[in-house]
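In: Output the structure for:
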Amino acid sequence: MKSERMSMGVVKKVECICLVLLLLCLIARGRAAASAEVELQELKYFISLLDQAEVVQLYCERGHPLRYLNVEAERTAIRSVVTNLQYLGLELSVRAIAAYARHFELSEEEYKRLMSYMLVGSCTQNLTVIPLRDLGIKMLQEFRRKPEELLSLPSFAKNRFFPRNFEKLIDLNKAREQEFMRTLELFRSFCSWSADVDDFRLLLPLLQNRFIISWLAEQMGRMKKRWNKEKQLFEWIHHPKSAQVVCTGSICRKAKNYEEFLQRFPRNLGFTGVMEDVYAIYCNKFRDLRENYSQGEEAILSWKKARSSSDEILLQTQFLSLITGIPDLFGQIEKYSESRELFRMAIDGDFNLWSKRAFESLKLQMHYEEPIRITQGEGEESQSCLRLWMQKRNHEASDVEKKKAEILEAMKSSSDLENVLEEEIELDPSVPSVESNKREEFLQFIETSTKKREQGCWTVPFQVNLGEFDRVQRKHGKLSISFPLVFSDNFLAYFTSAWRSSALMKGGEITQKRERLLQELESNIERELQKQQAKFIHIPWRDSTIAPQVARALISLIERGSVVFVRNSSYPFLVHVKLYYGLFALQYFHKQFKLRHTNQAENKATLQ
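Out: Reported below is the predicted structural model:
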């Protein structure tokens, strides 16, 4: 008794391990790959089978006794339930044997020899649910079907619910051989029972499986699960073509219709449905029944003793695989020690699939763990532009306007035109060679020359980055914009003189003097930056001021002596601030803009 209880405990543990593995491989995988409609249906059907099996378990825990009118009615009801499983099992196993035989490319002669061996060596002569002759004909017909009409064997080769790396651990050809052998053993289990309710022979392990019983109850209750595409789940519907085999005494035949089946099927007292009666028979007669290894035919006893508890579980899962189309993973491996690797592969495969999809969807996004950073690059100056600026600056604004008027007046007489051009060429060597008849080109030059006096010759670049990918890119592949900061020549001349003269002061005085000058310069820069802020939808320097960095760039320009500023001059000196936006930073600003726009729209709708 103690050894039997220990054996039953081992069976339950192995069964639980099977379920956990299947759930890990299927449920988690299904959540990640729910876009495949057909595969999703397979997964949902399997899960619905598990859920229905839990209903059977709860039904047993509530305690529903069997109360028939007499013992004979009870035995007939039990016999009818087992015979329905026998009939459906034979039908499914016959189709599977033919499909496996075609998979291994057996010839028709080889298949006939196999068929003869199975019918003679496995089937009882008292088989009543279907004559042996008809069973042989059906087996041959299934083998002769077209390839597309054969039963689809359980497979995860093209199923995205299973990670591809399973194939590294599993020998698929050998796994198919094991499945074929278990299917032949299933056929023997179904075909060997002779309708004796006192000895279920090789069927007891299948009858004790609540998942198989829940499926059997659906068939006998004329119920079928239909896929609801909108709700993404299976719903119960009536299925008039389901098999209903009913027994009279020890003779069992398929009923002509469901009405005949209900009329002849013995009902438990308080009958609420065929499915509930099947559950009650399972709870009271099958679930806790112990296998009898001492009584029965010698051949049946030898087959029973040859089976281990794990063999019985693998037979159960193989039958469920044929029902659902989802292979039994434990049946694919040679040693149970490899189950640890299966668990690891299932988790790793699911993670790899998730990570690839996450990378595809997030490779152009960033979750902004890092803040926007604005860093200064090296200053960009044009020596020729600075020289030109100083040369132009020597002409006060009145002289410039006067010069322009002289040029326009000279254009009226072609004789004076060349002289004026020579003077302009001395001021700006970039003036093109202009003939007297190219009046429009000359006017365009005058306009360009005037604009040059307003352009800055000093650029301070800033990198607007978000994360390391933006930082690596530097300037290449970034969107750049620039805006000018306008300073008067007079102010910069004063600042230059004061900055250089402070160098002659003593140590502490130098620091104080230069700090005051630096604050004054930064204040001027801040005022200029505020003028530019209105042009930006999102101000990148809002949280980190760039005024000190522009100030340091100007001081660097002054200390190098690249440009000389003159007092009492109103001529403007422009410093261009150039912003290089990284792709991730741009995306961040875009998301900020969309969020602000959405909030404004919501607030506006609330006020209305």
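In: Counting neighbours, what do you get for the residue nearest to Lys138 when sequence neighbours are not counted?
Out: Nearest-residue entry for Lys138: Val94, 5.9 Å, with adjacent residues in sequence omitted and distances by CB to CB, 6 or more residues apart in numbering. Just so you know, the C-beta spots here come from the backbone N, C-alpha and C atoms, and that holds for glycine as well. For Val94, the neighbour count with other CB atoms under 10 Å is 26.
In: Who are the contact partners of Val94?
Out: 135, 138-139, 142, 187 (CB atoms under 8 Å, 6 or more residues apart in numbering).
In: how much space between it and Val566?
Out: Distance of Val94 to Val566, given as CB to CB, to the nearest Å: 106 Å.
In: I believe Thr375 is in a strand; please confirm or correct that.
Out: Yes: looking at Thr375 with DSSP: H, G, I helix; E, B strand; the rest coil, it is inside a strand.
In: Tell me what it is bridged to.
Out: Note on Thr375: beta-bridge partners by DSSP bridges are Gln463.
In: From Gln587, how far out is it?
Out: Distance of Thr375 to Gln587, computed by CB to CB: 19 Å.
In: Ramachandran angles for the residue nearest to Lys535 when sequence neighbours are not counted?
Out: Closest residue to Lys535 apart from its sequence neighbours, by CB to CB, 6+ apart: Phe483 at 6.8 Å. Here is the backbone geometry of Phe483 (degrees, to the nearest 10): phi -150, psi 150.
In: Would you confirm that Phe483 contacts His576?
Out: Yes: contact status for Phe483 versus His576: in contact at 7.1 Å, counting by CB atoms under 8 Å.
In: which neighbours do these two share?
Out: In contact with both Phe483 and His576: no residue, using CB under 8 Å, 6+ apart.
In: sorry, back to before: roughly how far is the helix or strand harbouring the residue nearest to Lys138 from the heart of the chain?
Out: Element membership of Val94, judged by DSSP states H and E, is helix 71-103. With CA atoms, centre = their mean, to the nearest Å as the basis, helix 71-103 stands 41 Å off its chain's centre.
In: repeat for stretch 65-82
Out: So, by CA atoms, centre = their mean, the centroid of stretch 65-82 is 52 Å from its chain's centroid.
In: Cys283: which of the contacts of Val94 is nearest?
Out: Phe187 (27.8 Å; CB to CB).
In: Outside of the helix or strand encompassing the closest one itself, which residues are in contact with it?
Out: Assigned by DSSP H and E, Phe187 belongs to helix 172-191. For helix 172-191, contacts defined as CB under 8 Å, 6+ apart pick out 85-86, 89-90, 93-94, 96-97, 100, 103-104, 118-119, 122-124, 127, 135, 153-154, 157, 201-203, 205-206, 303, 314-315, 318-319, 321-322, 327, 331-332, 334.
In: want to try CSV for the contacts of Val94, with secondary structure, neighbour count and pLDDT as columns?
Out: Putting the contacts of Val94 into CSV (DSSP: H, G, I helix; E, B strand; the rest coil; neighbours: other CB atoms under 10 Å; pLDDT from 0 to 100) gives the following:
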residue, secondary structure, neighbour count, pLDDT
Leu135, helix, 21, 92
Lys138, helix, 16, 93
Met139, helix, 24, 93
Glu142, helix, 21, 93
Phe187, helix, 23, 94
